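*Asks:* sequence first, then the predicted structure, then my questions.
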Amino acid sequence: MRSARQLAIALSMAFFAPLSWAQSNATLPSVFAEVTDQARELAASPYQDRSIPLPDALKGLDNATYRSIHFRGDQALWRNNGLFSVQLFHPGFLFDKPVRIHLVEDGEVHPLPFRKDLFTYKDGAAPLADQDLSDIGFAGFRLHYPLNREDYQDEFLVFRGATYFRMIGRDQGYGLSARGLAINTASPDGEEFPAFREFWLFKPEPGATTMHVVALLDSPSVAGAYRFAITPGERATVNVEARLFARQDIDKLGIAPLTSMFVHGDANPYRADDYRPRVHSSEGLLMHTSADEWIWRPLSNPQELRISRLQDENPEGFGLVQRKRDFENYLDMHLNFERQPSQWVTPLDDWGPGGVELVEIPSNSETNDNIVAYWVPGQPLQAGEERTYRYRTSTFDARLPQQTLASVVRTRQGWGGVPGENEPPPRSYRQFIVDFRGGELSSLDASHPVEAQLTASTGETRQLRVRQLPDNKTWRASFHLRPDGEKPSDFRLFLSLRGEPLTETWNYVWNPNELR
């Protein structure tokens with residue numbers, strides 16, 4: 001008689017049966033079409049959690065034990081057959097929802113079974129080598145490519161956990177993550193985390209510099225088929241096509257989500273007991289609107305959950321950015337924040353009306369991802385509806401090649417009073433400084449009539465000034481704010497010369513409650 005776990009595996013395999021084609025006939029379009037049909041069929045029936053159950057030996061693994069399980073590099077897929085190779089992740093620890101992986105080679109689809117001989121089990125994991133771990137699937141996979149040196153294949157992209165994937169370009173180290181989809185993030189009823197359940201990896205030709213992956217997504221509210229065209233290089237680039245099929249109404253659909261971490265930095269009044277002047281994987285949200293305006297929103301670590309949205313129609317792009325690229329900005333020898341990538345999302349179709357939503361979650365630990373940004377369509381996704389979104393997501397360093405206006409290089413704020421005053425203003429009376437550099441602005445002389453254009457949603461702004469700093473390249477706008485009671489103030493500021501903008505638009509929300 002079969003055990004409950006064996007029966008569950010059999011049912012799972014029966015439902016997620018490997019797709020089949022005639023011999024030597026599986027192509028990228030045909031596989032994507034078949035997975036699309038499977039997603040459509042899934043969405044037409046009630047959701048069932050068909051995850052492959054983990055054996056008892058893998059349940060409850062701690063981090064140390066899990067980290068002592070290693071994939072054997074000499075077993076990497078395609079390691080001697082081109083520029084790309086693939087390594088696999090063992091299930092267990094936080095990764096308790098294994099996925100099925102298929103290889104598409106020479107027009108044929110082959111399921112990739114789990115094998116213990118692909119891994120080494122050391123230290124606390126050694127007893128696992130004697131356990132029955134058949135038919136458990138994998139936690140995910142990582143791609144390798146000769147990114148920094150021609151004689152070594154660097155890991156540059158990882159798919160592991162729900163719909164998360166992380167990628168890096170040349171000379172970068174891992175930081176923020178991308179996701180396939182976000183559903184009802186920071187909603188009162190709780191967020192839903194869809195997951196990729198199966199992957200199809202297409203073996204690249206020997207000289208190919210792009211690799212293709214197809215994935216099946218499933219969750220209580222939606223099923224989907226995804227196609228990824230992955231190109232490593234100075235800027236890692238992934239072209240994404242997502243075909244979504246709704247089971248249920250979804251109030252807030254998050255397209256092309258980016259997830260990052262911000263604990264403290266320039267603009268945040270957080271009093272950190274930390275030798276490091278900054279702790280963040282991203283320092284700002286950047287958006288390029290359909291009206292050709294570049295908007296920069298410095299990130300914060302608020303005391304209460306903060307959700308804001310930048311409305312637009314058919315945006316040019318958005319991303320989370322790590323602008324400071326020098327070690328001295330962070331002084332961290334372990335996480336190397338100065339090498340962590342920025343990431344940009346470019347729609348490849350018209351996305352219509354909607355907005356880029358930024359979620360900032362209070363956090364006292366750098367182990368928590370507390371920043372999320374994604375596009376929210378103006379129309380909620382209704383049950384039975386189908387939609388397709390196409391976009392490109394790519395890494396970069398401090399600045400995008402298409403940015404020509406001056407950028408914000410520093411945001412600072414503090415008490416606006418003067419020491420020694422007989423009747424000093426309250427602590428809520430604030431002074432802000434915003435420093436810009438780059439583009440035409442950095443070539444101007446101090447005598448040029450550069451002006452600051454400032455608006456505030458609430459409160460009274462005073463003493464607005466613009467000055468060139470001693471390096472003769474950076475310009476500072478400064479102002480004071482007298483808030484309207486406890487109301488937060490939403491600022492917009494940019495510099496101009498004779499009516500023409502010289503800089504991106506600095507957009508910042510300050511809440512008097514942050515001083516508590």
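*Replies:* Great, that's in hand.
*Asks:* excluding its backbone neighbours, what's nearest Gly224?
*Replies:* In space, not counting the residues next to it along the chain, Gly224 is nearest to Leu217; the distance is 3.9 Å by CB to CB, 6 or more residues apart in numbering. Glycine gets a C-beta too; all of them are placed from N, C-alpha and C.
*Asks:* what of Asn239?
*Replies:* According to CB to CB, 6+ apart, the nearest residue to Asn239 is Ala229 (4.2 Å).
*Asks:* how about Ser442?
*Replies:* Computed as CB to CB, 6+ apart, the closest residue to Ser442 that is not its neighbour in sequence is Lys473, at 4.1 Å.
*Asks:* and stretch 504-512, C-alpha only, in CSV?
*Replies:* Coordinates of each C-alpha in stretch 504-512 appear next as CSV, following Å, rounded to 0.1, in the frame of the first residue of the first chain:
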residue,chain,number,x,y,z
GLU,A,504,14.8,65.3,-12.4
THR,A,505,11.9,66.0,-10.0
TRP,A,506,12.6,65.3,-6.4
ASN,A,507,9.5,63.9,-4.8
TYR,A,508,9.4,63.3,-1.0
VAL,A,509,6.8,62.8,1.7
TRP,A,510,7.6,64.0,5.2
ASN,A,511,5.4,63.0,8.1
PRO,A,512,5.7,64.9,11.5
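*Asks:* and for it, what are the contacting residues?
*Replies:* Stretch 504-512 is touched from outside by 267, 286, 293-298, 300, 302, 306, 308, 310, 403, 405-408, 411, 413, 428, 430, 432, 434, 481, 483, 485-494, with contacts defined as CB atoms under 8 Å, 6 or more residues apart in numbering.
*Asks:* now for the residue nearest to Ser442, how many residues are close by?
*Replies:* Number of residues near Lys473 (other CB atoms under 10 Å) recorded here: 16.
*Asks:* do you know how far it is from Ala446?
*Replies:* For Lys473, the distance to Ala446 under the criterion CB to CB, to the nearest Å works out to 11 Å.
*Asks:* do Ser300 as well
*Replies:* Taking CB to CB as the criterion, Ser300 is separated from Ala446 by 32 Å.
*Asks:* next one: Val99
*Replies:* Remark: distance between Val99 and Ala446 (CB to CB) = 59 Å.
*Asks:* please apply the same query to Pro501.
*Replies:* When distance is defined by CB to CB, Pro501 is 19 Å away from Ala446.
*Asks:* ok so, going back, now, of the contacts of stretch 504-512, which are buried?
*Replies:* Restricting the contacts of stretch 504-512 to buried positions leaves 267, 286, 293-298, 300, 302, 306, 308, 310, 403, 405-408, 411, 413, 428, 430, 432, 434, 481, 483, 488-491, 493-494, with burial counted as 16 or more other CB atoms under 10 Å.
*Asks:* filter those residues down to just the ones in strands.
*Replies:* When strands are assigned by DSSP state E, the members of the buried ones among the contacts of stretch 504-512 inside them are 286, 294-298, 306, 308, 310, 407-408, 411, 413, 430, 432, 434, 481, 489-491, 493-494.
*Asks:* end to end on stretch 399-418, go ahead and measure it.
*Replies:* 37 Å (CA to CA, to the nearest Å).
*Asks:* what's it in contact with?
*Replies:* Contacts of stretch 399-418 with the rest of the structure, by CB under 8 Å, 6+ apart, involve 266-267, 269, 284, 286, 288, 294, 296, 298, 323, 344, 424-425, 427, 429-442, 474-475, 480-481, 495, 501-504, 506, 508, 510.
*Asks:* ChimeraX command to pick out the buried ones of these?
*Replies:* Per 16+ other CB under 10 Å, the buried members of the contacts of stretch 399-418 correspond to this ChimeraX selection:
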select :266,267,284,286,288,294,296,298,323,344,429,430,431,432,433,434,435,436,437,438,439,441,442,474,475,480,481,495,501,502,503,504,506,508,510
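*Asks:* what's the single longest helix in the protein?
*Replies:* Identified as the longest helix of the chain according to DSSP state H is helix 28-43.
*Asks:* only C-alpha atoms, please: export that one in PDB.
*Replies:* Output for helix 28-43, consisting of C-alpha atoms alone and laid out as PDB, is shown next (Å, rounded to 0.1, in the frame of the first residue of the first chain):
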ATOM      1  CA  LEU A  28       9.800  27.900 -27.800                       C
ATOM      2  CA  PRO A  29       6.500  29.000 -29.300                       C
ATOM      3  CA  SER A  30       4.900  25.600 -29.100                       C
ATOM      4  CA  VAL A  31       6.000  25.100 -25.400                       C
ATOM      5  CA  PHE A  32       4.800  28.500 -24.400                       C
ATOM      6  CA  ALA A  33       1.500  27.900 -26.200                       C
ATOM      7  CA  GLU A  34       1.000  24.600 -24.400                       C
ATOM      8  CA  VAL A  35       1.900  26.100 -21.000                       C
ATOM      9  CA  THR A  36      -0.500  29.000 -21.800                       C
ATOM     10  CA  ASP A  37      -3.300  26.500 -22.400                       C
ATOM     11  CA  GLN A  38      -2.400  24.700 -19.200                       C
ATOM     12  CA  ALA A  39      -2.600  28.000 -17.200                       C
ATOM     13  CA  ARG A  40      -6.000  28.800 -18.800                       C
ATOM     14  CA  GLU A  41      -7.300  25.300 -17.800                       C
ATOM     15  CA  LEU A  42      -6.000  25.700 -14.300                       C
ATOM     16  CA  ALA A  43      -7.800  29.100 -13.900                       C
END
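*Asks:* any buried residues in that helix, and which?
*Replies:* So helix 28-43, judged by 16+ other CB under 10 Å, has buried residues 30-32, 34-36, 38-39, 42-43.
*Asks:* okay, the residue at the greatest distance from the centre of the chain: pLDDT?
*Replies:* Going by CA atoms, centre = their mean, the residue of the chain most distant from its centre is Asn422, 49.4 Å out. For Asn422, the pLDDT comes out at 84.
*Asks:* same deal with Ser51?
*Replies:* At Ser51, the pLDDT value in this model is 79.
*Asks:* please, which helix or strand holds the nearest residue to it once chain neighbours are set aside?
*Replies:* Taking CB to CB, 6+ apart, and ignoring the residues beside it in sequence, Ser51 has Lys97 as its nearest neighbour in space, at 4.8 Å. Assignment of secondary structure by DSSP states H and E places Lys97 within no helix or strand.
*Asks:* tally up the residues packed near Lys97, please.
*Replies:* Lys97 has 19 nearby residues by other CB under 10 Å.
*Asks:* got the phi and psi for it?
*Replies:* When read as degrees, to the nearest 10, the backbone of Lys97 gives phi -120, psi 80.
*Asks:* if I look at it, how far off is Ser219?
*Replies:* Noted for Lys97: a distance of 11 Å to Ser219, by CB to CB.
*Asks:* again with Leu469
*Replies:* When distance is defined by CB to CB, Leu469 is 50 Å away from Ser219.
*Asks:* repeat that for Trp296.
*Replies:* Between Trp296 and Ser219 the distance is 33 Å, computed by CB to CB.
*Asks:* Thr474 too?
*Replies:* Relative to Ser219, Thr474 is positioned 47 Å away (criterion: CB to CB).
*Asks:* cool, and Phe141?
*Replies:* Using CB to CB, one obtains 21 Å as the distance from Phe141 to Ser219.
*Asks:* what does Pro53 give?
*Replies:* 18 Å.
*Asks:* cool, and Pro55?
*Replies:* Here the distance between Pro55 and Ser219 works out to 25 Å (CB to CB).
*Asks:* strands along the stretch 151-300 of the chain, start to end?
*Replies:* Applying DSSP state E, counting those that start in this stretch to the stretch 151-300 of the chain gives strands spanning 152-160, 164-167, 177-179, 181-183, 195-202, 211-218, 222-231, 237-246, 253-260, 262-264, 279-280, 284-288, 294-298.
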